[in-house]
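# From the sequence below, what's the structure:
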Amino acid sequence: MLSVVIPVYNEAESLETLHRELDESAKAEGCELELIFVDDGSHDASWERIQRLAAADGRVRGLRFRRNFGKAAALAAGFADVRGELVMTLDADLQDDPGEIPRFLAEIRRGLHVVSGYKRFRHDPWHKVFPSRVFNWMVSRLTGVLLHDHNCGMKCYVREVLDELVLYGELHRFVPVLAAARGFRVGELVVGHRPRRFGRSKYGLSRFVKGFLDLLSVKFVTTYGQRPQHVFGSAGLGSILLGFLGLIITLAAWRTGRANGAVLAGIGATGLLVFGGLLVALGLAAELVVACRRQEIRNYSIAERTPSPGAAAGPDVVSRK
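From the prediction side, this is the model:
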């Protein structure tokens, strides 16, 4: 079964056309389909359209948020509700072409766990395209996951990838990065990008500021998420070392009769020592949080298991303690 998760925010005019195109794509591929529309607090008739589609097609299910929680929350809710082994995501504005779905499934069959779309030619104004290209370049260089279009909403996943990830904030654009950090194979596929037919874009320049802050968070989590003291402690010890060097300079200045220099050096050294101590303490607190949560969050990813002894013998095998 292919599960398609579609976040919706004020896209009532496009939903029926999107449903028809998805149905045609599934029939062409010959796969079983389920559609999950997640209404992220729309103010138009989106929810009424979703209800109408669900009443007419048993493969359609709808989820409605009480208010706008954001795309990451909409995707997380949809992922928690899917039943298929393969999960596809795409935007509801018809700029993503459902006719591309068979090509995504073909890449999954070749061994990829995550396939991300790459809109090489975009029908967006330059003031959105240029910052997006700069942002994608930064993400690729900082994380090592070399994709041209991390922001593309059209992606395909093997179900086990989504079972291991937790989405919050604006982390939906970093799912390939988070998946690659856990050892899953990630690739991309050039897809078409159609002009917007209805409504208007929901994103402004503020998303790039949020995206950059989230990028720092993702880099920290994927690199030091299980050993935060390595970054905080290293910086703290470096600051303490500089503080001790400052104290030596203070003593030297004092002995040579340079009182003003000694006072300034002493203030700087004291600040560095205090700051270093705070960083080390922060690292210890972070380690304590991680240690308490290790029982809840796995810091590893299992690709497969060997059969248990006797598992192939059938139901008559008696287990021994």
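
# drop to CA atoms for contacts and neighbour counts, all remaining ones
Will do.

# Enumerate every residue touching L22.
Going by Cα atoms under 8 Å, 6 or more residues apart in numbering, L22 touches P98, G99.

# Mind telling me what element it is part of?
Counting by DSSP states H and E, the element that carries L22 is helix 15-29.

# Could you pull up the mean pLDDT of that helix?
For helix 15-29, mean pLDDT rounds to 90.

# Contacts for the next helix or strand after it, please.
Note on helix 15-29: by DSSP H and E, the next helix or strand toward the C-terminus is strand 33-39. With contact meaning Cα under 8 Å, 6+ apart, strand 33-39 is reached by 1-9, 26, 46-47, 50, 59-65, 74-75, 77-78, 82, 84.

# Kindly report the same for stretch 75-88.
With Cα under 8 Å, 6+ apart, stretch 75-88 has contacts from 1-7, 34, 36-38, 63, 154-160, 162, 166-168, 172.

# So what's the gap between it and the chain middle?
15 Å (Cα atoms, centre = their mean, to the nearest Å).

# And the contacts of stretch 75-88, which of them are buried?
Neighbour counting by 16 or more other Cα atoms under 10 Å classes 2-7, 34, 36-38, 63, 154-160, 162, 167, 172 among the contacts of stretch 75-88 as buried.

# From these, which land in strands?
Judged by DSSP state E, the subset of those located in strands is 2-7, 34, 36-38, 63, 155-158.

# Tell me which two in these are the farthest apart.
Taking Cα to Cα, the two most distant members of these are L63 and V158; they sit 21.9 Å apart.

# residues contacting L162?
Going by Cα under 8 Å, 6+ apart, L162 touches F79.

# Give me the domain ranges for the chain.
With domains defined by automatic domain parsing, the chain comprises 2-224, 229-293.

# weakest of the ones you listed by average pLDDT?
domain 229-293 (a mean of 79).

# count of neighbours near the residue nearest to R64 when sequence neighbours are not counted?
Nearest residue to R64, sequence neighbours excluded (Cα to Cα, 6 or more residues apart in numbering): D39, at 4.6 Å. Applying other Cα atoms under 10 Å, we find 26 residues neighbouring D39.
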